[in-house]
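Colleague: A structural model of the following input is requested.
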Amino acid sequence: MQTVTAASSNRINANFNTTVHNGRPDIEFAAALKKVSPQAQAKAQATATDFEAVFINTMFSEMTAGIQGDGPFGKSQGTAVWRSMQIEQYSKAFARAGGVGIAPEIYRTLILQQAKRSS
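Modeller: Model (predicted):
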């Protein structure tokens, strides 16, 4: 079976593979990709990745909410600021590295919605 990717491989992350969805060929998505421009596909991928980063940021923030001090600034107000910036960067890095699997599903949904609008 041939792998269908969202756009050229240098712009779209490999995690956005469209060959199968829930263990079956995703014919609907492959057809939708033909109706949506490469620019819109890239924008949808960025949006999906950003959404996943926000989700991961929320998870990390809740995980570290009870931690007091222990940062590079000890038990000062700076620790909270430092920790929030650290969590934000961790979240973005996790999302770019593949995240927890939310972005490909959001990307698929965005592409399907855009294809329906253009029909």
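Colleague: ok, for Arg108, nearest residue in space, not its chain neighbours?
Modeller: Distances taken as CB to CB, 6 or more residues apart in numbering place Phe29 nearest to Arg108, at 5.6 Å, with adjacent residues excluded. The C-beta positions use only the backbone N, C-alpha and C, and glycine is treated the same way.
Colleague: Check which helices and strands the helix or strand encompassing that neighbour is in contact with.
Modeller: Using DSSP states H and E, Phe29 maps to helix 27-35. For helix 27-35, the packing partners by 3 or more CB pairs under 8 Å, 6 or more residues apart in numbering; DSSP states H and E come out as helix 102-118.
Colleague: Let me see the contact set for Ile56.
Modeller: Going by CB atoms under 8 Å, 6 or more residues apart in numbering, Ile56 touches 90-91, 94-95, 99-100.
Colleague: Distance check, it against Tyr107.
Modeller: The gap separating Ile56 from Tyr107 is 16 Å, by CB to CB, to the nearest Å.
Colleague: Secondary structure class of Gly98, three-state.
Modeller: Of the three states, Gly98 takes coil under DSSP: H, G, I helix; E, B strand; the rest coil.
Colleague: number of nearby residues for it?
Modeller: When neighbours are counted by other CB atoms under 10 Å, Gly98 registers 14.
Colleague: go on, Ala48?
Modeller: 25.
Colleague: before we move on, what about Ala40?
Modeller: Per other CB under 10 Å, the neighbour tally for Ala40 reads 16.
Colleague: Equivalent analysis for Ala95, please.
Modeller: For Ala95, the count of nearby residues is 23 (other CB under 10 Å).
Colleague: Perfect, that will be all.
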